[in-house]
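K.L.:
Give me coordinates for this.
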Amino acid sequence: MAQSPRRRWLPLFLGVAVGLGLTLALAVPGAANDLVRQLLISRACIACDLSDVVLTRANLEDADLTQATLARANLRQARLPRAQMTQADLSAANLHQAVLSGADLSGATLAGADLSQATLTGSRLRQAIAMAVNLERAEARNTNWYGSDLSGSRLDGAAFNHASLSATDLTQATLTKGQFFRADFIGAQLAGADFTGADLRQALIRDAQLAGTNFTDADLLGANLNRTDLSTARFCNTRMANGSINNEHCADLGLPPGNTAP
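P.N.:
Numbers count the residues shown, from 1 in each chain. All right, here's what the predicted structure looks like:
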């Protein structure tokens, strides 16, 4: 019995995929398979609809995915260094342990995406729509998130040293035990954010909104808090900018006061 055209090219496609070091599931419609094939061969798929595709461990270095739709895509452990993904839709995508260093995701939609343990060093994410994103233990040093919406996101244990988070919305975000050494939070919305145990040494937190922000066990040594209202923030065993320990809200939080010595 004669093979269908699709069956004839599928072994060749799988051979290309294996050659690229790709673990790929093809449980997607035929049209999407054609787009995936195009992407793997040419490293470009501008404004493509790749919703729900599985590209785990794919090598997409320097790929051009400008304005592509990758909603709910499985890109777990994919390699996307220096990829162009401006205004791409990655909502609810799985990017766990993906490598996105030097990538451009400016204006991208990342709402609900899993970027836990992802590598984003030096990436550009200006004005990203990134509500409720999982960035736990992500490597995001020197990233630029200017004007992005990260409200309700999880940045626990993440490394954001020297990152620009100015004018970002981090309302109700959790940033516990995160590394934010010399990070820029100028003009950021931090209401209800949880910085418990975070390293904020020499961070720029000028003109930020801190209503109900929790700094328990945080280190703010050398931080710039000019023109920032601290009256509604919460402090317990917090090392302040001048090195003193602030235990003002320990009783309210039901916690024992820490060392009061500067």
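
K.L.:
Now do the buried residues in stretch 236-253.
P.N.:
Neighbour-count burial for stretch 236-253 flags 236-241, 245-247, 249-250, 253 (criterion: 16 or more other C-beta atoms under 10 Å). (Glycine included, C-beta is placed from N, CA and C.)

K.L.:
I meant to write stretch 82-98 there.
P.N.:
Neighbour counts over stretch 82-98 (16+ other C-beta under 10 Å) mark 83-98 as buried.

K.L.:
next one: stretch 205-224
P.N.:
By neighbour count on 16+ other C-beta under 10 Å, the buried set for stretch 205-224 is 205-210, 213-224.

K.L.:
Compute the first-to-last residue distance for it.
P.N.:
Stretch 205-224 has an end-to-end distance of 6 Å (criterion: C-alpha to C-alpha, to the nearest Å).

K.L.:
Residue 41: neighbour count?
P.N.:
11 (other C-beta atoms under 10 Å).

K.L.:
Check which helix or strand it maps to.
P.N.:
helix 30-42 (DSSP states H and E).

K.L.:
Who are the packing partners of that helix?
P.N.:
The contact analysis (3 or more C-beta pairs under 8 Å, 6 or more residues apart in numbering; DSSP states H and E) places helix 30-42 against helix 5-19.

K.L.:
rounded to a whole number, what's the mean pLDDT of the helix it packs on?
P.N.:
In this model, helix 5-19 has a mean pLDDT of 39.

K.L.:
who touches the nearest residue to residue 241 once chain neighbours are set aside in this structure?
P.N.:
Excluding its sequence neighbours, the residue lying closest to residue 241 (C-beta to C-beta, 6 or more residues apart in numbering) is residue 223, at 4.7 Å. Residues in contact with residue 223 (C-beta atoms under 8 Å, 6 or more residues apart in numbering) are 200-205, 241.

K.L.:
Mind putting those into CSV with secondary structure and distance to residue 64?
P.N.:
Shown next, in CSV, are the contacts of residue 223 (DSSP: H, G, I helix; E, B strand; the rest coil; distance: C-beta to C-beta, whole Å):
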residue, secondary structure, distance to residue 64
200, coil, 37
201, coil, 38
202, coil, 37
203, coil, 35
204, strand, 34
205, coil, 37
241, coil, 44
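
K.L.:
among these, who's most crowded?
P.N.:
Result: residue 203 is most packed of the contacts of residue 223 (other C-beta under 10 Å), 31 neighbours.

K.L.:
That one is in contact with residue 221, isn't it?
P.N.:
No. The criterion here is C-beta atoms under 8 Å, and residue 203 misses it with residue 221 at 9.7 Å.

K.L.:
Next, the distance between the ends of stretch 132-141.
P.N.:
20 Å.

K.L.:
Give me the contacts around that stretch.
P.N.:
110-123, 150-163.

K.L.:
Can you pull the phi/psi pair for residue 208?
P.N.:
With angles defined as degrees, to the nearest 10, residue 208 sits at phi -90, psi 160.

K.L.:
Any regions of the stretch 151-262 of the chain where pLDDT drops low?
P.N.:
For the stretch 151-262 of the chain, the stretches with pLDDT under 70 are 259-262.

K.L.:
let's see it at 80
P.N.:
Low-confidence segments of the stretch 151-262 of the chain (pLDDT under 80): 258-262.

K.L.:
now the strands for it?
P.N.:
Along the stretch 151-262 of the chain, the segments classed as strands by DSSP state E, counting those that start in this stretch run 238-239, 245-246.

K.L.:
Among those strands, which comes closest to residue 191?
P.N.:
Of all those, strand 238-239 sits nearest to residue 191, with 17.6 Å by C-beta to C-beta.

K.L.:
Show me what the closest one is packed against.
P.N.:
strand 245-246.

K.L.:
Give me the helices and strands touching the strand it packs on, please.
P.N.:
Strand 245-246 packs on strand 238-239, going by 3+ C-beta pairs under 8 Å, 6+ apart.

K.L.:
So which of the buried residues of stretch 82-98 sit within strands?
P.N.:
Applying DSSP state E to these, no entry is found in strands.

K.L.:
Relative to residue 169, which of these is nearest.
P.N.:
Distances from residue 169 to those, taken by C-beta to C-beta, are shortest for residue 91, at 16.8 Å.
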